[in-house]
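Student: need the 3D shape of this:
(chains A and B)
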Amino acid sequence: MHEVRRGIRWTAVAAVAAAVIAAPAGARAEKVIKAVMTTPVRVLDPIFTTAYAARDHGYMVFDTLFAVDEHFKVQPQMVDHYEVSPDKLTYTFTLRDGLKFHDGAPVTSADCIASIKRWGAVDGMGQKLMDFSKDWVAVNAKTFKLELKEPYGLVLESLGKPSSNVPFIMPARIAATDAHEQIKEQIGSGPFKFVADEFRPDTKVVYVKNPDYVPRKEAPSWGAGGKVVKVDRVEQLNITDPQTIVNALISGEIDFIETAPIDLLSVLQKEPKVKIENVNPLGFTNMARMNQLYPPFDNPKIRQAVLHAVNQEDYLEAQIGNAEYYKKCKAMFVCGTPLATDVGAPEKPDLELAKKLLKEGNYDGTPVVVMQPTDIGILAPLAPVTVQAMRAIGMKVDMQSMDWQTLVGRRAKQDPPAQGGWNMFHTTWVNADMLTPVQNLGVNGRGKVGGWFGWPKDDEVEKLRDAFVRTTDPAQQKDIAAKIQKLAYDDVMWIPGGIYYQPSAWRTNLTGIVKAPVPFFWNIDKQ
Amino acid sequence: MAAFVLKRLLATIPVMAVVALVVFLILRLSPGDPAAILAGDAATPENIARIRASLGLDRPIFVQFVSWVWQLANGDLGTSLLSLQPVARTIGESFGPTLSLAITTITFSVLVAVPLGVVAAWKHGTWIDRCVMALSVVGFSVPVFVLGYGWIWGFAIKLRLFPVQGYVGPREGIGPFLEHLVLPTLTLSVIFVALIARMTRASVLEILTEDYIRTAHAKGVSERRVLIRHALRNAAVPIVSVIGIGIALLIGGVVVTESVFNIPGLGRLTVDAVLARDYPIIQGVILVFSAAYVLINLAIDVAYTMLDPRIRY
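Tutor: Purely as a prediction, here's the structure:
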């Protein structure tokens, strides 16, 4: 059979093989990782957009001053050492030796300051840091200072923010681009170089090893530690069909799938040369979000009714259906992390209480417009679960199915639901974005101006968020976070729908996959 | 003939102008906001508004349309809102895979379907005819993705004869280029073989009842010569029409096949652009599609005159 197969192979394949055999002795085959990511990179500016694909691209091409490790500690990355003045008003940072951009220019203080300022113009955590900043001063080419107006408890946490938007460092001339316009060059100082000529949006993005990158000596730990690149090239392919992704991994045409399709795991589990493992220890959180600008969800009693009507397990079963890859979680700042607490959360679903609250809220039968995205498998099951629960307590629901991008456009509208607005939508979050009251947009209480979609207005929460960033004491921060969560549950700023995990899958000839909330390609070797 | 071709080419201008206007208006009036998509999930409404302004999407639709038409008049299809890549380059890169797949599919389909159709007509009413027609019904009926997965399972996963997915350009070697096109071509060809075989059979059957065919038989012309020289040639006009429509459909994008085999063609480009509300790409692709349809129809009309001297323009 083998001979027959060989016989009908294309002769060109033999010619290619012959050419390979005839290659000069000692020539080493290029190590290439072919990976399929959850979403393809379309936008290449990780500051302009909060899209996770752009963030992942940023980690390939750019580097960060600080990074969070697996123990939630902020560690220096590009920074060699830093000092904090006794009054905690001045932070002095000194860069490591040998940091160079991909165009050969050295990384300087001016580059770092320009990059941080651009990030601070758009990112919520960055804006907060900028509010507290008096000045950023370049002391010399390698040292710069942050002077604060008053002590700020999250300076290092901000500069080491692990997820969108990550404060990546780029050359000052590129960082001079308005933060609301995309940068036109991909010159960073990160462990990989972007290959512009091979970039095909929606199809393929290629990175090659940056030979000038000087990794830290420490072992890799999340985004911190040594970013040692052990392959020559990483090709990220956009294969849209889940079955084709799985088939390509089985046949060895690709090496790595960031998120293996849950319903095809049984196929992959039968393959001896494929490994399946969850490498994102934090996972993802489901969120149900109500629009507080319009009836009926302008009424807290009715929001509470929905909160008590829904069951996290229903969401997770509909969405994942495999208890190995989900867990119930009441903590708004992610279970198993420093600020996690159950305070304020309902004990369990209670339909009778929900009906009582609905009655107390004088629900008048106003139909609730729930937007359901049908084109994203992980999101599609969430809305029907909530809709079922709302109907069970006597609410009228108008579930409108649409593609995710229509939903994204529509949820930005502050118009009444009858005029193109909405009452409710569901989304999911990478938990690295949910860890603190500053990052977690669900507890943003700024309302119509400065708030996140749904626009809850809660001045008490905002005062507590300010108090959270002012304190540098972790115990106080934990206490404040608990108070914020209590208020957020009382006000039903959002409904947590449980945590789920999406395992990755890779060929067993890959080793050294870094477990982290973001997919990293350093430390991975290919045999 | 030259005047006819020139006239038809000039006629494409108003056609494409109407297409451009309609596409532009449909996109601007349909739900979805490119700025919100660009900004990402965690962006605030303020950020989205600023991005919208930086892209010029907050300007009146008429102003945006005039700006785009001016760009087109200068031979510029614009740049992608998301990737900032030139639209012409993006379409050009996707056109190669689509054209390759269209050529291999139509070539294979014609080579298989026309003889099948002729034989079915020649052996009208026999088991051969019934087999060909039964197979063509199956070809029409089986969904493309079922066929695609079937071929992949058999030829790529089990026998390891062909790759599961991907596209390799001819510049990277004719062997790999063809190797990657075999399974998608087989998948797409099934329906075209069915369509062309049925059309060929029907056309040839009709021609076989003509007086000149009986005359040819009476003159002692061989069966083979009657079928090929007299019947098939005179039956070719409707067959060419079907082939032309097939090419247009294939150029227009075969999204399912491109997705199953991960071929970065125009179909996937269009779907991805629509989902991302990447207006310049959608507008550019639709213009290219409309131009392709007009030109293919023109080519079919010209082919008629070669096949049937009675047709004159």
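Student: spell out which parts of the stretch 351-500 of chain A neighbour chain B.
Tutor: A:375, A:402-406, A:408-412, A:414, A:427, A:429, A:433, A:441, A:449-453 (Cβ under 8 Å from any Cβ of the partner chain). For glycine as for every other residue, the C-beta is placed from the backbone atoms N, C-alpha and C.
Student: residue B:288 touches residue B:91, doesn't it?
Tutor: Yes. Judged on Cβ atoms under 8 Å, residue B:288 makes contact with residue B:91 at a distance of 5.7 Å.
Student: checking whatever residue of the stretch 101-250 of chain B ends up closest to chain A next. Helix, strand or coil?
Tutor: Nearest residue of the stretch 101-250 of chain B to chain A: residue B:175, at 2.0 Å (Cβ to the nearest Cβ). Secondary structure state of residue B:175, per DSSP: H, G, I helix; E, B strand; the rest coil, is helix.
Student: any idea how far residue B:97 is from it?
Tutor: 17 Å (Cβ to Cβ, to the nearest Å).
Student: so those two - more neighbours on which side?
Tutor: residue B:97 (26 against 17; other Cβ atoms under 10 Å in any protein chain shown).
Student: ok so that one is a strand residue?
Tutor: No. Counting by three-state DSSP, residue B:97 falls outside a strand, being helix.
Student: so who does residue B:227 touch?
Tutor: Residues near residue B:227 by Cβ atoms under 8 Å, 6 or more residues apart in numbering or on different chains: B:118, B:122, B:204.
Student: grab the nearest non-local neighbour of residue A:334.
Tutor: Excluding the flanking residues, the one nearest residue A:334 by Cβ to Cβ, 6 or more residues apart in numbering or on different chains is residue A:431, at 4.6 Å.
Student: surely residue B:302 meets residue B:5?
Tutor: Yes. With contact defined as Cβ under 8 Å, residue B:302 reaches residue B:5; the gap is 7.0 Å.
Student: can you give me the helices in the stretch 201-313 of chain B?
Tutor: B:211-218, B:223-225, B:233-251, B:255-260, B:266-275, B:279-307 (DSSP state H, counting those that start in this stretch).
Student: helices along the stretch 1-150 of chain B, start to end?
Tutor: Ranges of helices in the stretch 1-150 of chain B, per DSSP H, counting those that start in this stretch, are B:2-29, B:34-39, B:45-55, B:61-73, B:87-122, B:127-141, B:144-151.
Student: how far off centre is the first one?
Tutor: To tie it back to what came earlier, the one meant is helix B:2-29. 19 Å (Cα atoms, centre = their mean, to the nearest Å).
Student: same question, the second one
Tutor: Distance of helix B:34-39 from the chain centroid (Cα atoms, centre = their mean) equals 31 Å.
Student: quick check: longest helix of chain A.
Tutor: helix A:474-491 (DSSP state H).
Student: which strands or helices does that helix pack on?
Tutor: Counting contacts by 3 or more Cβ pairs under 8 Å, 6 or more residues apart in numbering or on different chains; DSSP states H and E, helix A:474-491 packs against helix A:300-309, helix A:459-470.
Student: report the angle between it and helix A:459-470.
Tutor: 160 degrees (axes from the mean of the first three to the mean of the last three Cα atoms, to 10 degrees).
Student: which other helices and strands contact the helix or strand following helix A:474-491?
Tutor: Remark: after helix A:474-491, the chain's next helix or strand is strand A:495-500, criterion DSSP states H and E. Under the contact definition 3+ Cβ pairs under 8 Å, 6+ apart, strand A:495-500 sits against strand A:284-290, helix A:312-319, strand A:326-327.
Student: make TSV out of the ones you listed and add mean neighbour count and mean pLDDT.
Tutor: TSV is the format used below for these (neighbours: other Cβ atoms under 10 Å in any protein chain shown; pLDDT from 0 to 100):
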stretch	mean neighbour count	mean pLDDT
strand A:284-290	24	98
helix A:312-319	20	97
strand A:326-327	20	96
